[in-house]
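Asks: Requesting a structural model of the entry that follows:
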Amino acid sequence: MSITLAARASVVTLAVALASQSPVLATDRDVADAPGDTADAETEQQPETVIIVSARRREESSQDVPIALSVVDVTTLDNTGSFNVSRLTQLQPSLQFYSSNPRNSAINIRGLGAPFGLTNDGIEQGVGIYIDDVFVGRVAVATLDFLDIAQVETLRGPQGTLYGKNTTAGAINITSKEPSFDFEGRAEVTAGNLEFRQAKASVSGPLSNTLAVRFGVATTDRRGTIFNVSTGTHVNELNNLGLRGSLLWKPSDSLRVTLAGDYNRQNPECCAQIYARYGSTQRPANRQFPALSAAFGYAPPSLDAFDRVTDVDAELSARSILGGASLKIEWDVGPGTLTSVSAWRFWDWTPSNDRDFTGLPITLKVNNPSQQEQFTQEVRYAGSLGDRIDFVAGVFGFYQTIDTQGIQEQGTAASRWLLAPTSALAGNPAVLNGLVANNTIGFKNTSVAAFGQLSWKVTDDLAIQPGVRINYDKKTGSYDSVVTGTASNGTRQLVSFNGPFANDPWIVAQRGVLAPQFFEPEFSDWNLSYDLTLSYRIAPDIRAYATYARTFKTGGINLSGVPNDAAGNPLLAAGSVKPEKVDHFEVGLKTQFWDRRATLNLAGFWTEIRDYQATVNNGQLGVLRGYLANAGKVRVRGIEADFSVRPSDRFNVYVSGAYTDHEYVRFVDAPCPPELAGGTTVTGTQVPGAPGVPGALSPANCDISGQWLPGISNWAFSYGFEYNEPVSIFGLDGFAYAGFDGNYRSKFSSNPSRSIYTDINGYALSNFRLGYRTDDGLNLFAWVRNAFDVDYFEQLAANTGGNTGLIAGQPGDPRTYGLTIASSF
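Replies: Below you'll find the model as predicted:
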């Protein structure tokens, strides 16, 4: 029926009392698990409805795909407030996302994908992000709002024989809504506490019988969750804008050409990590955080991170502009479809950071603005040969450049904070004040590959699926850090290891804090990846599969600086890291029963990685940002389960869980945790001191074999339910509904080498929705996230410079609540 404006207004007044809808968490479940937009309500009432995915480069039911995967549709994303990848992790237990800002972000699946810690431009992500078949080289895209999308598929495990770029841990496949030849649109507005405001709109329709167009826009703004007492502003805010347009030309049923472009901008006052705790190290007591703070008469504004206050005195900014264009051509020819995807993308990153994490003028700037540009070309052919053989084969090319002009500058408090108090220079603020490192960093990356996969139905029930990939990667880079300081005679001089001022006492002291460095690392290599999957249909709705994959994550180059030797020369051996070599085993079972009202999917996996690419954070001065190295071997193994049941059209329940066992099998020369660092390094037969004892001797490195990998919980769960009831309000037919979704993760380590100071305790988050949706497209719901206002950390960082024992933290969001109004036509 049509809805009058008066009736709509009446419904709005009831929104708080009758608001939101429970999610369709489509992890291998029916899309019917929760109502979608009203236009789809009839379809969603059918429990037989299946999820269609393109994980194997062809459309098929997710229950027929012998891959562990999760699918979340746009309705679920909207109703659960999952407007980016970070929010998506609360719906998928095996997906982890860590971000201190858009550049320093990492996506992991089953705990694997990227080194935990600061990002290095010279390495690859093990988790590939694809938007409409376009590989996105920079993980910053994961911090952007989802923009007019249809669904998100998360594939767990190696996918290199299916996708353009090699992905050893998995892939996130984001599919946008296509232009429609029927006029349609949607608008959504949300308002909440913390001055949260979000608006989304999209419209699509025909321009002719063969041409259709689509436009989408999304904006998100939110006041920061941390108050800066130094500036009187709230930091860690949200300020996002996204625009997307696409044009579809369909001259015949066998040819489709899609031209798409997007522009995304973020400009928040962000990103602060705040005082979390003090953890004693092996530095002398007078060089640790309590004594250094006392020397300045300084105290953090709060010793409780969940007071959410800071006093950082440097400018904070995380301006990010990301966008691009793509041309996709799909031509049905012969027994399959020939697809070409050409794309260009860019990312401009302009940050301002405070990396001393205090209100003292120690480090004034640590900023690395960069400009990234990439070009990708993929051509593949996918089809069938008779009733028994399906195949996909393709070639892929990727070229990327990144140019960075970074700066690090010390302030008036740096001398006392960073130099030994026994030195007379520590009492002179002028020694390190104005010490500046200007870093010019360049990076070029070329990758080409040929890949293919075959699925042979040996019988109606048994299928064999081999895949192969050959890959070539070449990376070249340059790192040039020019350091300028003040000599003892008051003149500005280059800080160097030679020249007339090389032995000047001020210059010598400055070299211990910021050392000049120049090196040009490079890496190139061929590798061969392959996999084999056996799939057997035990019954019409029960399928078992087993997979072995041998794959590689390409090597990389260090572009954040490397250690110097005693003569000041960069250790060139640390300039590159070897490829990761991955052996992956997996078995799974996909089942549906009770007339397909219930779904239970199980997966067990065992992954071993040799030459694991790990982040090394040096506890001494001179290497403040960390670098990359290879660990001997790591192992991750576990069991995952996705269960949902819909006993009636009115009610459904879902539970997804993952148990993950993880460890460094062999890492004998790892960086030490802060409690075993900072003191004088042992030599000869000397024995390291006890952990956390000031002034004790420190080991040169540590054997952390058998310890946890960072960022992985042993246990993780997502769970929820929905109840809906047909209700007519003011003559409007629709559904009232109540929904809940929650997630839990157990304790995990937040430091590359596990520390007693940086374990993050487990926590559970609970989200509720109440709402009402009419049959002709109006949807109103109220929501609350983190309903019980649980205090939890997303990250704890020990690499705060100089190993003073300061542990900085990133608190998760507090309780948030709001109201959403959406309308579709």
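
Asks: going forward, measure contacts between C-alpha atoms and count neighbours the same way
Replies: Noted.

Asks: Where does Gly706 sit, in terms of helix or strand?
Replies: Here Gly706 is covered by no helix or strand, with elements defined by DSSP states H and E.

Asks: That one - how many residues pack around it?
Replies: Neighbour count for Gly706, taken as other CA atoms under 10 Å: 14.

Asks: top strand in this protein by residue count?
Replies: If you go by DSSP state E, the chain has its longest strand at strand 462-486.

Asks: Identify the residue spatially nearest to Glu378, adjacent ones excluded.
Replies: Spatial nearest neighbour of Glu378, excluding adjacent residues (CA to CA, 6 or more residues apart in numbering): Phe396 at 4.4 Å.

Asks: circling back: which other helices and strands does the longest strand of the chain contact?
Replies: In terms of contacts (3 or more CA pairs under 8 Å, 6 or more residues apart in numbering; DSSP states H and E), strand 462-486 is packed against strand 436-457, strand 492-494, helix 505-511, strand 517-519, strand 522-539, strand 556-557.

Asks: Now do the longest one: distance to the chain's middle.
Replies: This means strand 436-457. 18 Å (CA atoms, centre = their mean, to the nearest Å).

Asks: what does the third one give?
Replies: Per CA atoms, centre = their mean, the displacement of helix 505-511 from the mean C-alpha position of its chain is 39 Å.

Asks: Alpha carbons only: can I get that helix in PDB?
Replies: C-alpha atoms of helix 505-511 as PDB (Å, rounded to 0.1, in the frame of the first residue of the first chain):
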ATOM      1  CA  PRO A 505      79.500  15.800  22.100                       C
ATOM      2  CA  TRP A 506      76.100  17.100  21.200                       C
ATOM      3  CA  ILE A 507      76.200  15.400  17.700                       C
ATOM      4  CA  VAL A 508      77.300  12.100  19.300                       C
ATOM      5  CA  ALA A 509      74.300  12.300  21.700                       C
ATOM      6  CA  GLN A 510      71.900  13.100  18.900                       C
ATOM      7  CA  ARG A 511      73.100  10.100  16.900                       C
END
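
Asks: Please identify the buried residues of that helix?
Replies: For helix 505-511, a neighbour-count test (16 or more other CA atoms under 10 Å) marks 506-511 as buried.

Asks: Show me what it is in contact with.
Replies: Helix 505-511 is contacted by residues 419, 425, 431-432, 435, 485-488, 495-496, 501-502, 622 when judged by CA atoms under 8 Å, 6 or more residues apart in numbering.

Asks: Point out where the stretch 51-200 of the chain drops to low pLDDT.
Replies: Across the stretch 51-200 of the chain, the ranges flagged by pLDDT under 70 are 55, 117-118.

Asks: residue boundaries of the strands in the stretch 701-825 of the chain?
Replies: For the stretch 701-825 of the chain, the strands defined by DSSP state E, counting those that start in this stretch cover 715-729, 732-745, 748-749, 759-760, 763-774, 778-785, 793-797, 806-811, 816-824.

Asks: partners of the fourth one in the sheet?
Replies: For strand 759-760, the pairing partners within the sheet under DSSP bridges are strand 748-749 (antiparallel).

Asks: Low-confidence stretches in this protein?
Replies: Regions of the chain meeting the criterion pLDDT under 70 cover residues 1-50, 55, 117-118, 617-626.
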